[in-house]
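Q: sequence and predicted structure below; questions after.
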Amino acid sequence: MWQQQRFPRRVYGSGEEPDPRFSLANERTFLAWIRTALAFFAAGVALNALELSMPTWLLLTGSVVLIVTGLLAGGQAWLGWARSERALRTGTALPAPGVAPLVTVGIVLVAALLLIGLFW
């Protein structure tokens, strides 16, 4: 009989099936990180598209930082989901979000750039 293989095997190939509520909560966290990544991408594009009275290099730098931060958030979505699902399946402690400090640094950096641009 044909049996469906679940992807990724690295996650689903270990441990036992956790309570579905925990897996669904993990998926909601994944989606929250994806929404955050999309918001960073949109903010980066908007910052570059808006005609603000700031130096172009400040706007471009802010846009790049926002887009890179969005890439980090997207990576956190996938890696965080996989690490958490594996932890749920093996009964180990849930991992901390690894890129959360970098996302925070990105937000603070863009805020500082915009503040500098306001007084430029």
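A: Done, it's in.

Q: from now on I want contacts and neighbour counts done on CA atoms only, so please keep to that.
A: Will do.

Q: quick one: the helices in the protein?
A: Shown for the chain, the helices assigned by DSSP state H span residues 9-12, 20-49, 56-90, 100-119.

Q: any idea of the mean pLDDT in the longest one?
A: For helix 56-90, mean pLDDT rounds to 95.

Q: buried residues in it?
A: Residues of helix 56-90 classed as buried: 58-78, 80-89 (neighbour count, 16 or more other CA atoms under 10 Å).

Q: middle-most residue in the chain, spatially?
A: Among the residues of the chain, the one closest to the centroid is Ala73, at 1.7 Å (CA atoms, centre = their mean).

Q: quick check: closest non-adjacent residue to it.
A: What sits nearest to Ala73 in space, not counting adjacent residues and going by CA to CA, 6 or more residues apart in numbering, is Ala37, at 5.1 Å.

Q: what about Phe41, how many residues close to it?
A: 21 (other CA atoms under 10 Å).

Q: touching, it and Leu66? I think so.
A: Yes: Phe41 is in contact with Leu66 according to CA atoms under 8 Å; the separation is 6.5 Å.
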